[in-house]
Structures are given as structure tokens and as C-alpha cells.
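[1] just a sequence and a predicted model for now, questions to come.
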Amino acid sequence: MCLIARRCRRFNTVPRVSNIIPARCFSSTLQQTSRPRDAPFRMAVVGSGPAGFYTAYRVMAKVSGVKVDMYESLPVPFGLVRHGVAPDHPEVKNCQDKFDEIASQPNFTFIGNVSIGHSGNSSKHCTVELHKLMRHYDAVLFAYGASQDKKLGIPGESTLSGIHSAREVVGWYNGLPGCSGLDLDLSQAEEAVVIGQGNVALDVARMLLEDIDVLRKTDITEKALETLSRSRVKRVHVVGRRGPMQASFTIKEVRELMKLRDVGFSPFNRSLVPEDLKSLPRASKRLMEVLLKGASTPNETAPKSWSLDSCLSPKHFLGNQDAPSKVASTEFDITELAAPFDPKSSVKATGKTAILPSDVVFRSVGYKSVALPGFAEIGIQFDNRRGVVDNDGLGRVTRMVSDTHAGSVHNERVPGVYCAGWVKNGPTGVIASTMQDAFTTGDAIVHDWLSGGCFLNASNHDSVTGWEGLRHDAGPSTCRAVAWDDWRHIDRAERERGQKNGKEREKFTSTDEMLAVLERYQRRAL
């Protein structure tokens, strides 16, 4: 994923880009009078998830004296490691130890509760305009992930209750601020439909079927635990418009579902998998073997079950006469695979339909990044269809510019601006692949700096002062930026809350709660 260069999307209208982004270009043959010899390389990182941390780590390891400032809109770090990894996967969160090691370095500054471009919903939230941020750094890295999810765009999706975004549900059970108010009622639901066949879809299915006593020991929020404890869900349909050979979930998540206590697995259409599995690549062969073997609990005797429902494309969400405003079933177009055993096979509609009972529905068809306010102003082009910043595939942000003399357009680098993770590639990959992708971007930054490439603020190096020079612009005056030591106070308070309930931590689910912890600590310190 991380090494494939992409051709930048061409725009019908190519914006004229002025010198909004000044460049500092170094040459071994020229005396660099604009840059003091002892001036450090300063880089801002927007986003505190794995992509941001691993890129920062790579640059810090290879550029002597570099100073990194990491900006995060929440008071707490780690992005999807904290708010996206399922509560029953604590081992996946071990990378937080490495991130803490990185953030503890003297040349690294964490700046939480600060949004770049977006305004917060509290007087204590800090906001920095993008063009002001860029005045204070040699380079800016965008690694802010994907904050929205893709929609199906079918009738009933936005008008019927009981239809939920998997992204919101994941944020809800992981304590993401803004998701705690999710209105998820499972007390009357027996049939659940999860639309999508990726790992997030399987995470949602597993959370619906998992033994509640197992979840009690995790860092799932108490509110989510209460809701799941009242759940009456007995069957979960994991639906995809293609087949198991084309699904994007991985073997680990499938195995976990197969091993759930008292949960069966309904057989799927065997014709969608080759008779001779030996012909498949090793990873595909092992995955198909697990699916064909089925669950530890026989489906006939299991009180709960799940299924892979293939070749179904959602068409219409339907209510019923008793509750016309609530989803009761989902109508699907039945599709046909052009080549069932080809992982990239396309599908076509057959003209037939099928209906699944749907007491509750979870849409899990992908996350999506959005452009930051101010991108257009400084000449950064964002592909809204794909949800990525235009880049060269190695992390260098690019743009299409017009040559009025030649009457053509060409692609050029945006000096000193980089991207990593989902905002670079789209919402794909796991933490390990994100790390490799981040290293690729980090290596591009290092190469450009050490080889005398173009960076920001050539004509006014005195402005390259990082957070210290920028903080007075982070209004309103009442806003509260959160440092790494502040995060440790929040972390400690969450762990203390969790210990009372026999779990690792009980997360705060609002920024106000988090900031209140810091206020209490400050009062005690006086």
C-alpha cells in the first residue's frame, strides 16, 4: 500500500496558486544566509494517531536536532489506537508504549485540545488557522486520519431510526467524545444487519455477540456495557455485495468470531470458494479454511449465530405498519460475480431482490477523510471523491498548476508539506502497514531536508518558532492547550476509575471531563 505511486487526479479547473507557500530551497553551491547554522528543523504534525507518531519517530531518528510539535484536536492522543481498536484487543494498543517513548523526548511537544482550522464547541478549545500554523514551521505533516464515514445513499437511510454508522458505534463503545450520545437501543432487537465485510464490520458483529462478562474486563465504556447487557440480538448478518474471496476482513477477526462461546456460524454458499483450496495464495487459503470449518459451537444448538451473506447490494431500508419510522427490514439487489474466485472480481445485478429482517442496521462501508479549512487558500488540493490529499505516493503533497505560456498544466510539489496514513492513501490497512507507510513519508521528509530541498518560510526564518511563537494565535484567550504531562494526569485518572470496576481504565467520554481532571490537579498543586 505504502510504496505504490499514484497519478494525481487532474482538475477540470486548475487553481492559480500564488506565493502563499514560500519555499526555502537549499543548494550546496550557495551560501545559506537566510538560515542560521544552529537553527533546528521544525516540523508540525497534525494528528496524533499511528501515522503521525511513526512519521515523527522516523524523522527524529534521522535528522539531528529536529523539533517536532504534534497537534491533536482532542485533549488525549493516539487517534484510532485509543478510539478505534476494539476493547477486547488490548494487545493491539501496545504501540502506545512506543508513542509515549517518542513523546517523552525533549525535542517533541504534544499540543492537545487544539484544532487546525476547525473550531471547537467549547470556550476552552483552541483553534489555529492553517495559514498561521504554516508560518511557524519548516514542514507540516498532515496525518489526521478519517473523521467521516461513507454512506449508502439509498431510501430510508436518513429517515428511519435504527440505522447506525459503524464508525459512530466504534467511537461510542471506545469513549470517543461526541459519540457518547449515540441512541442505540438493542433491548428489542433480535436480527442485526451489518453492511460491509471489513474488519470494522466484524468488530461490530463480535461486540454484539460477545459474552458480556468478557467485555466487563475491557476498557469499554460503562454506557456501552449497559446497552450491550440489555441486548436481545440473536442473529447477526454480515452482508457484502461480493463474496468471501473478495472480502477485506482478515483471518484474526474471523477466528475470534468462530471461537465465541455459544455462538454458531451459518454456512455460506460453497460455490463462492474454490473446491481446491491448495491453488490459493497462503493467506487466502487459510482464511477460506477457517470459514469452511465454521464455529466451535454447532449452529443448530447455538443460542446466537452470525452469517456471511454474500452477493447482496443494499437497495432500500423499510419500516413496517406498526413502526413506520423505524427500520424493520432491508431490501437487497442480488448480485452475480463475474469471477467468484478472483479477489478483484466485479459484480452485476441479476434483477432479483432479497429481504433480510433488520431490527437494527450498522453501515460499515468505509471511513472518509475530509479537507481541512484553509487547504484551498494555501494551494493544497484535496480529492473529495477519494478522501485524500493529492500526493506523489511517497508522502509529498502535490498540486496541479497551469502554465499560461505553454497552455498546459503540470504537477508540482507543495514545498514543505507532507501527508501520511489514511489522509494520504485512503482508509485502508492495519497499524503495521500504517507504520511502514509512515516510514516512507518520514524518509521522504528526511531526504528532502538533507539534500537541500524546498521548505517553508525561506524569506523569513525568524518566524519559524514552532508552538511557542504560535500559541498566542490559538484563541480564544480562555482556551486550554494540553501538554503530554497533562495527558498523563488524565491517563492516571482513567486508570483509577477503571480499577474500581475491575478493568484497565474507564475512559472519560467528553473533553469537559478531561479538562476538569486537569483543573482539579492544578488546584491540588497550588
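    Everything's here; your move. Source: prediction; values computed, not measured.
[2] for residue 245, give me its contacts.
    272, 273, 284, 288, 340, 341, 342, 343, 345 (Cβ atoms under 8 Å, 6 or more residues apart in numbering). C-beta here means a position set from N, CA and C on the backbone, and glycine is covered the same way.
[3] model confidence score at the last one, please.
    This points to residue 345. According to the predicted model, the pLDDT of residue 345 comes to 97.
[4] ok, now the second one?
    pLDDT for residue 273: 96.
[5] and for it, the neighbour number?
    20 (other Cβ atoms under 10 Å).
[6] whichever of the contacts of residue 245 end up buried, select them in ChimeraX.
    The command below creates a ChimeraX selection of those among the contacts of residue 245 that count as buried (16 or more other Cβ atoms under 10 Å):
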select :272,273,284,288,340,341
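[7] in the contacts of residue 245, find the pair that's most separated.
    Across the contacts of residue 245, the longest distance by Cβ to Cβ is 15.0 Å; it joins 288 and 345.
[8] strands of the stretch 301-450 of the chain, start to end?
    Under the criterion DSSP state E, counting those that start in this stretch, the stretch 301-450 of the chain contains strands at 304-309, 312-318, 329-337, 347-357, 360-363, 367-368, 382-383, 388-389, 396-403, 408-419.
[9] adjacent strands (with direction) for the second one?
    For strand 312-318, sheet partners with direction are given as strand 329-337 (antiparallel), following DSSP bridges.
[10] and the angle from the strand it pairs with to strand 304-309?
    Taking axes from the mean of the first three to the mean of the last three Cα atoms, to 10 degrees, strand 329-337 and strand 304-309 form an angle of 40 degrees between their directions.
[11] how distant is strand 329-337 from the center of its chain?
    When distances are taken as Cα atoms, centre = their mean, to the nearest Å, strand 329-337 is centred 28 Å away from the chain's centroid.
[12] what sits up against it?
    Judged by Cβ under 8 Å, 6+ apart, the contacts made with strand 329-337 from elsewhere in the structure are 193, 195, 239, 241-243, 246, 272, 311-318, 320, 345-350, 352-358, 361.
[13] residue 411 versus residue 405, what's the distance?
    Plainly put, residue 405 is 17 Å away from residue 411 if you go by Cβ to Cβ, to the nearest Å.
[14] to clarify, my last question referred to residue 66.
    28 Å.
[15] how about residue 247?
    To residue 411, residue 247 is 35 Å away according to Cβ to Cβ.
[16] comparing these two, which residue is more hemmed in?
    residue 247 (22 against 13).
[17] ok, how many other residues are close to the nearest residue to the more buried one once chain neighbours are set aside?
    Closest residue to residue 247 in three dimensions, ignoring its sequence neighbours and counting by Cβ to Cβ, 6 or more residues apart in numbering: residue 197, at 4.0 Å. Other residues within reach of residue 197, judged by other Cβ under 10 Å, total 24.
[18] any idea which helix or strand carries residue 197?
    Counting by DSSP states H and E, there is no helix or strand that carries residue 197.
[19] just name the most buried of the strands of the stretch 301-450 of the chain.
    Highest mean neighbour count of the strands of the stretch 301-450 of the chain: strand 360-363, a mean of 26 (counted as mean count of other Cβ atoms under 10 Å).
[20] pairing partners for it, with directions?
    Each strand that pairs with strand 360-363, with its direction, by DSSP bridges: strand 163-165 (parallel), strand 191-195 (parallel).
[21] quick one, domains of the protein?
    According to the domain assignment given by automatic domain parsing, the chain is divided into the following structural domains: 23-29+37-147+369-482, 150-367, 484-526.
[22] what about the last one, start to end distance?
    This means domain 484-526. According to Cα to Cα, to the nearest Å, domain 484-526 extends 20 Å from its N-terminal end residue to its C-terminal end residue.
[23] how far does it sit from its chain's centre?
    Using Cα atoms, centre = their mean, we find the averaged C-alpha position of domain 484-526 to lie 24 Å away from the chain's own average C-alpha position.
[24] same check on the longest one?
    In terms of Cα atoms, centre = their mean, the centre of domain 23-29+37-147+369-482 is set 15 Å apart from its chain centre.
[25] what mean pLDDT does it have?
    In this model, domain 23-29+37-147+369-482 carries a mean pLDDT of 89.
[26] and if you look at stretch 517-526?
    Throughout stretch 517-526, pLDDT has a mean value of 87.
[27] contacts for it next, please.
    Outside stretch 517-526, the residues touching it (Cβ under 8 Å, 6+ apart) are 75, 480, 482, 486, 489, 490, 493, 508.
[28] ok, so of the residues you listed, who is nearest residue 110?
    residue 482 (7.6 Å).
[29] can you pull the phi/psi pair for the closest one?
    phi -110, psi 120 (degrees, to the nearest 10).
[30] so it bridges to which residues?
    For residue 482, the beta-bridge partners under DSSP bridges are residue 112.
[31] same deal with residue 403?
    Note on residue 403: beta-bridge partners residue 408, judged by DSSP bridges.
[32] circling back: quick one: which of the strands paired with strand 360-363 is nearest residue 418?
    Ranking the strands paired with strand 360-363 by their distance to residue 418 (criterion: Cβ to Cβ) puts strand 163-165 first, at 29.6 Å.
[33] give me the angle between the very next helix or strand once past the closest one and strand 191-195.
    If you walk from strand 163-165 toward the C-terminus, the next helix or strand you reach (DSSP H and E) is helix 166-173. Relative orientation of helix 166-173 with respect to strand 191-195: 120 degrees, computed using the same axes, to 10 degrees.
[34] show me what counts as buried in helix 166-173.
    Within helix 166-173, the residues that qualify as buried are 166, 167, 168, 169, 170, 171, 172, 173, counting by 16+ other Cβ under 10 Å.
[35] and among the domains of the chain, the most buried is which?
    Among the domains of the chain, the stretch with the highest mean neighbour count (mean count of other Cβ under 10 Å) is domain 23-29+37-147+369-482, at a mean of 19.
[36] make JSON lines out of the buried residues of helix 166-173 and add pLDDT.
    As requested, the buried residues of helix 166-173 are exported to JSON lines (pLDDT from 0 to 100):
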{"residue": "166", "pLDDT": "97"}
{"residue": "167", "pLDDT": "96"}
{"residue": "168", "pLDDT": "96"}
{"residue": "169", "pLDDT": "98"}
{"residue": "170", "pLDDT": "98"}
{"residue": "171", "pLDDT": "97"}
{"residue": "172", "pLDDT": "98"}
{"residue": "173", "pLDDT": "98"}
